[in-house]
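>>> Kindly generate the corresponding structure for this input.
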Amino acid sequence: MDSGMSTQTGPAPGRQEQYSEQGVRRHALVTGCASGIGAAITARLLAGGWRVTGADLRAPRPAPSGDFRFERADLAATDQVLRLCA
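Have a look, this model is predicted:
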């Protein structure tokens, strides 16, 4: 059974990490990352060098490459949304 989290890695070879004007590494939270628009947004951000945390009820298959971490979450459950934002 899937533990709900994938390993977190650095950016894929040839991709530069993205930083804000303040020098902070850019990090996005993408909901619905396992399919459709959420999966496409995740892929685009990772290709651009962003760190991405993806949230969904099921893990994306195959797991995205790059600096990606998966969090299993049901956004209809307040406690799970609060855990994502902590």
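
>>> And Q18, what's its pLDDT?
Q18 carries a pLDDT score of 76 in this model.

>>> Report how many residues lie close to it.
15 (other CB atoms under 10 Å). From N, CA and C alone the C-beta is placed, and that goes for glycine too.

>>> What of T42?
By other CB under 10 Å, 25 other residues sit near T42.

>>> Ok, T53 next?
Counted by other CB under 10 Å, the residues lying close to T53 total 20.

>>> Can you name the residues bridging to it?
Beta-bridge partners for T53, by DSSP bridges, are L29, R69.

>>> Need the residue closest to the centroid of the protein.
T53 (2.5 Å; CA atoms, centre = their mean).

>>> In contact with that residue: list those residues for me.
Contact analysis of T53 by CB atoms under 8 Å, 6 or more residues apart in numbering lists 27-30, 68-71, 84.
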